[in-house]
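Asker: need the 3D shape of this:
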Amino acid sequence: MPNILVRDVPDDVHGALQRRAEQRGQSLQQYLASELSRLVERPTADEVLARAARRTGGTVGLDQAVADLATERPGS
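Answerer: Reported below is the predicted structural model:
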């Protein structure tokens, strides 16, 4: 399995990560590996926008969608 080395982590950040790992009953390595896995499971904003741009078949235009949302908000 590949390794990652992160240098120059501020002491306060390292301490917070260590405490979080301890709260979970994990080593810092285990905690960071699980957090990195969780990080890559969530798409970035760019990935979400790219996926939305590839979709077709919608029948409501942007102007109509904005108008519809405005009428649904309280006080409109």
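Asker: just want the most central residue of this protein.
Answerer: residue 42 (4.9 Å; CA atoms, centre = their mean).
Asker: where's that residue relative to residue 48, distance?
Answerer: 10 Å (CB to CB, to the nearest Å). Using the backbone N, CA and C atoms, a C-beta is placed for each residue, glycine as well.
Asker: same deal with residue 61?
Answerer: Counting by CB to CB - residue 61 and residue 48 are separated by 20 Å.
Asker: can you check residue 69 too?
Answerer: Counting by CB to CB, the gap from residue 69 to residue 48 is 19 Å.
Asker: check contacts around residue 60.
Answerer: residue 68 (CB atoms under 8 Å, 6 or more residues apart in numbering).
Asker: any idea what it is structurally, helix, strand or coil?
Answerer: coil (DSSP: H, G, I helix; E, B strand; the rest coil).
Asker: re earlier: okay, the residue nearest to the centre of the chain and residue 8: tell me how far apart.
Answerer: 26 Å.
Asker: repeat that for residue 59.
Answerer: 52 Å.
Asker: do residue 55 as well
Answerer: 42 Å.
Asker: looking only at neighbour counts, state which of the two leads.
Answerer: Neighbour comparison, residue 55 and residue 8: the larger count goes to residue 55, with 7 against 4 (by other CB atoms under 10 Å).
Asker: contact partners for that one?
Answerer: Taking CB under 8 Å, 6+ apart as the definition, residue 55 has no contacts.
Asker: and it, how far from residue 49?
Answerer: Going from residue 55 to residue 49 by CB to CB gives 11 Å.
Asker: how about the helices in the chain?
Answerer: Along the chain, the segments classed as helices by DSSP state H run 11-23, 28-41, 45-54, 62-72.
Asker: those helices: which one's closest to residue 2?
Answerer: Each of the helices of the chain has some distance to residue 2 by CB to CB; the shortest is helix 28-41, at 11.2 Å.
Asker: run through who's touching that closest one.
Answerer: 4, 17-18, 20-21, 24, 26.
Asker: point out where the chain drops to low pLDDT.
Answerer: Low-confidence segments of the chain (pLDDT under 70): 76.
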